[in-house]
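Peer 1: got a predicted model here, sequence first, then my questions.
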Amino acid sequence: MKKTLFCLFIALVCLLTVAGCTGGEREDTAKSGYEIEFSLEENTLNCRQTVDFVNVYSDGLREIKFNLYMNAYAEDAVDKAYATPLKTYGGTEITALKINGNDASFTLSENKLSFSVPVDSLKLGDRAEIYMEYTVTLPECDLRTGYSDGYYNLSNFYPQIAVYGEEGFLSDAYSAVGDPILSDVADFSVKATFDEHLVAATPALGTETIAEGKKTISIRAENIRDFAMVLSDKFLCETVSDENLTVYYFHDGNEESAERASLALDVLKTFSSVFGDYPYDTFTVASTPFAEEGMEFSGLVYIDNLTTDFEKTLIHETAHQWWYNLVGNDNVREGWLDEGLTTFSTAYYYSLKGDEETFTEEIKSIRRSYALYERSQKLRGDKGALNINVDIYSCTDYQYGMLAYNKSCLLFADLYEKAGKEKFEKALSYYVDDNRFRRADSTSLADAFGKAMNCDVTGIIDGWLSDKAVVTTFA
């Protein structure tokens with residue numbers, strides 16, 4: 001996710017008046033499958049979903065947990081997806097549930113953000129088919145999911161298999177700060193029906209039919225962490241292709257659409273040449289109302305249609321196709337892993353294109369911004385607010401930006417200086433190869449850099465994660 005971070009002096013003054021603010025488990029890819037069919041009627045999704053669940057988690061598994069992220073948009077939500085009141089609110093109501101063809105019950109969590117389904121003891125490798133029917137009420141808002149000004153942002157609207165940790169399925173609260181959504185890769189088949197005037201921006205190509213004023217699209221997407229799409233009757237589409245890769249840029253008539261689509265293609269090719277191949281044959285950029293600058297999903301990104309810096313936002317969200325998508329991580333507890341590396345990659349793109357001056361200035365700007373934050377925390381006597389290795393619930397939005405984005409970016413800049421270009425890029429290629437379609441953690445990162453640099457870098461990384469790395473003195 002791309003956020004706008006301010007380092008003006010007034011931000012320092014404001015910050016001085018407010019209170020200050022465990023690693024993801026590496027595992028094999030979960031190859032469960034989702035079949036989702038829904039129709040959109042005004043602000044309601046009527047859905048049917050079948051999940052082919054594969055137990056790769058624990059021998060003797062007796063329950064399967066699903067996240068209901070849409071309930072974070074309810075007016076009475078305990079853990080809210082929004083920081084300010086919405087125009088209208090949303091949520092999910094499950095109306096039918098079957099396990100292997102038999103009616104089944106479920107237990108809703110206290111905060112209504114997940115439900116558990118009991119199953120007969122599943123051995124490793126066993127499968128279970130979970131069928132459900134549910135209704136989603138879309139909120140009127142410009143967030144990850146909702147409708148606004150003729151646009152429908154549709155992400156995480158479906159019940160989603162919870163991520164499995166050392167002690168079972170995780171039950172993380174939602175948060176308007178950071179990224180509270182965790183998911184493993186799966187295969188998706190989606191069939192969506194909506195008004196024929198709407199145009200769909202989707203992460204993969206599919207088929208389309210129109211009958212009786214309704215348009216139906218069918219999409220198959222494999223090895224993705226989540227499914228997202230955007231619908232609008234305002235969309236035009238700019239397409240650019242190169243060999244086996246096609247970029248689709250959906251916009252409302254922007255005069256620079258051809259240049260923007262070409263930029264997206266160039267960023268994908270540039271990062272592929274260094275980090276490893278982009279894993280899909282299409283990439284979709286959707287300009288849509290969005291409260292933040294941008295948001296990443298597998299094979300598709302939101303870019304706020306009022307963004308003041310389309311280029312850097314696009315580069316940032318495209319870099320997330322490697323850092324979050326191809327290599328996942330626990331973004332609740334180690335959000336710095338993907339956001340810091342993505343922020344560094346955004347600046348590094350310019351170096352890869354031969355523009356060392358912009359690369360250097362970007363890192364200097366981030367260092368100055370973070371140094372201002374660091375000084376303010378020291379004036380307040382809050383050294384704990386310099387620790388990157390905290391969960392998203394322990395920070396304000398501003399603190400999270402400074403730590404997970406800026407300070408973490410400086411960690412990678414430090415590794416780049418110490419390793420040199422060749423070994424740094426080799427480390428990132430190791431990081432991708434060793435964790436492709438899995439979830440990495442700080443140990444995975446240290447292993448990759450240790451292998452490339454032929455030394456133990458754990459101390460360097462741990463120093464930056466704590467309050468020991470000081471930026472102020474050399475900013």
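Peer 2: Good, I have the coordinates.
Peer 1: bridged to Phe297, which residues?
Peer 2: Taking DSSP bridges as the rule, Phe297 bridges to Leu300.
Peer 1: list the contacts for it?
Peer 2: Ser155, Pro203, Ile224, Arg225, Asp226, Phe227, Ala228, Asn325 (C-beta atoms under 8 Å, 6 or more residues apart in numbering). For every residue, glycine as well, the C-beta is placed using N, CA and C.
Peer 1: which of the residues you listed count as buried?
Peer 2: Ser155, Pro203, Ile224, Arg225, Asp226, Phe227, Ala228, Asn325 (16 or more other C-beta atoms under 10 Å).
Peer 1: the third one: what's its closest spatial neighbour, skipping adjacent residues?
Peer 2: The shortest distance from Ile224 to any residue that is not its chain neighbour, by C-beta to C-beta, 6 or more residues apart in numbering, is 3.4 Å, and that residue is Ser298.
Peer 1: with the first one instead?
Peer 2: Counting by C-beta to C-beta, 6+ apart, the nearest residue to Ser155 once its immediate chain neighbours are dropped is Ala228, at 3.6 Å.
Peer 1: which ones among the contacts of Phe297 are found in strands?
Peer 2: Ser155, Ile224, Ala228 (DSSP state E).
Peer 1: any idea what the second one is bridged to?
Peer 2: In this structure, Ile224 has beta-bridge partners Ala186, where bridges are defined by DSSP bridges.
Peer 1: ok, now which ones touch it?
Peer 2: Ile224 touches Val185, Ala186, Asp187, Phe188, Pro203, Phe297, Ser298, Gly299, Asn325, counting by C-beta under 8 Å, 6+ apart.
Peer 1: I'd like those written out as JSON lines, with pLDDT and distance to Asp79 added.
Peer 2: Output for the contacts of Ile224, formatted as JSON lines (pLDDT from 0 to 100; distance: C-beta to C-beta, whole Å):
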{"residue": "Val185", "pLDDT": "96", "distance to Asp79": "25"}
{"residue": "Ala186", "pLDDT": "96", "distance to Asp79": "24"}
{"residue": "Asp187", "pLDDT": "97", "distance to Asp79": "29"}
{"residue": "Phe188", "pLDDT": "98", "distance to Asp79": "26"}
{"residue": "Pro203", "pLDDT": "98", "distance to Asp79": "27"}
{"residue": "Phe297", "pLDDT": "98", "distance to Asp79": "21"}
{"residue": "Ser298", "pLDDT": "98", "distance to Asp79": "24"}
{"residue": "Gly299", "pLDDT": "98", "distance to Asp79": "28"}
{"residue": "Asn325", "pLDDT": "98", "distance to Asp79": "25"}
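Peer 1: from the residues you listed, pick the one nearest Ser105.
Peer 2: When the contacts of Ile224 are compared for distance to Ser105 (C-beta to C-beta), Ala186 comes out closest, at 24.2 Å.
Peer 1: gap between that closest one and Ser298?
Peer 2: 10 Å (C-beta to C-beta, to the nearest Å).
Peer 1: so what sits against both of the two?
Peer 2: In contact with both Ala186 and Ser298: Ile224, Arg225, using C-beta under 8 Å, 6+ apart.
Peer 1: model confidence at the residue nearest to Ser155, what's the number?
Peer 2: Ala228 is assigned 98 on the pLDDT scale.
Peer 1: gap between it and Arg367?
Peer 2: 33 Å.
Peer 1: find the residue closest to the residue sitting nearest the centre point of the chain in space, skipping its chain neighbours.
Peer 2: Relative to the mean C-alpha position of the chain, the nearest C-alpha, by C-alpha atoms, centre = their mean, is the one of Glu296, at 4.8 Å. Leaving aside its sequence neighbours, Glu296 sits nearest to His320 (C-beta to C-beta, 6+ apart; 3.5 Å).
Peer 1: so for the one you found, what's the pLDDT?
Peer 2: 98.
Peer 1: quick check: it touching Leu341?
Peer 2: No: His320 is beyond contact range of Leu341, at 9.4 Å (criterion: C-beta atoms under 8 Å).
Peer 1: which one's more surrounded, these two?
Peer 2: Leu341 (27 against 24; other C-beta atoms under 10 Å).
Peer 1: so how far is Gly381 from the more buried one?
Peer 2: In terms of C-beta to C-beta, Leu341 sits 31 Å off from Gly381.
Peer 1: try Glu196
Peer 2: 61 Å.
Peer 1: over to Asp462?
Peer 2: 23 Å.
Peer 1: ok, these two, which is more surrounded?
Peer 2: A count of neighbours by other C-beta under 10 Å puts Asp462 above the other of Asp462 and Gly381, at 14 against 9.
Peer 1: which neighbouring elements make contact with the strand or helix carrying that one?
Peer 2: Using DSSP states H and E, Asp462 maps to helix 458-465. Under the contact definition 3 or more C-beta pairs under 8 Å, 6 or more residues apart in numbering; DSSP states H and E, helix 458-465 sits against helix 408-419, helix 442-453.
Peer 1: so which bits of the last one are buried?
Peer 2: Judged by neighbour count (16+ other C-beta under 10 Å), helix 442-453 contains these buried residues: Ser442, Ser444, Leu445, Ala446, Asp447, Ala448, Phe449, Gly450, Lys451, Ala452, Met453.
Peer 1: Throw those residues into TSV and include distance to Val247 and pLDDT, thanks.
Peer 2: Output for those, formatted as TSV (distance: C-beta to C-beta, whole Å; pLDDT from 0 to 100):
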residue	distance to Val247	pLDDT
Ser442	33	97
Ser444	30	98
Leu445	29	98
Ala446	34	98
Asp447	33	98
Ala448	29	98
Phe449	31	98
Gly450	36	98
Lys451	33	98
Ala452	31	98
Met453	35	98
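Peer 1: out of the residues you listed, which is nearest to Ile36?
Peer 2: Ser444 (31.1 Å).
Peer 1: that closest one and Arg436 touch, don't they?
Peer 2: No: the criterion here is C-beta under 8 Å, and Ser444 misses it with Arg436 at 11.4 Å.
Peer 1: overlap in contacts of the two?
Peer 2: Contacts common to Ser444 and Arg436, judged by C-beta under 8 Å, 6+ apart, are absent.
Peer 1: for Ile161, see how far away the residue of the chain most remote from its centre is.
Peer 2: Distance from the C-alpha centroid of the chain, by C-alpha atoms, centre = their mean, peaks at Glu212 (36.4 Å). For Glu212, the distance to Ile161 (C-beta to C-beta) stands at 35 Å.
Peer 1: equivalent analysis for Gly60, please.
Peer 2: 18 Å.
Peer 1: what about stretch 242-257, how long is it end to end?
Peer 2: Start to finish, the residues bounding stretch 242-257 are 17 Å apart (C-alpha to C-alpha, to the nearest Å).
Peer 1: sorry, that was for stretch 312-325
Peer 2: 19 Å.
Peer 1: any idea how far it is from the middle of the chain?
Peer 2: 9 Å (C-alpha atoms, centre = their mean, to the nearest Å).
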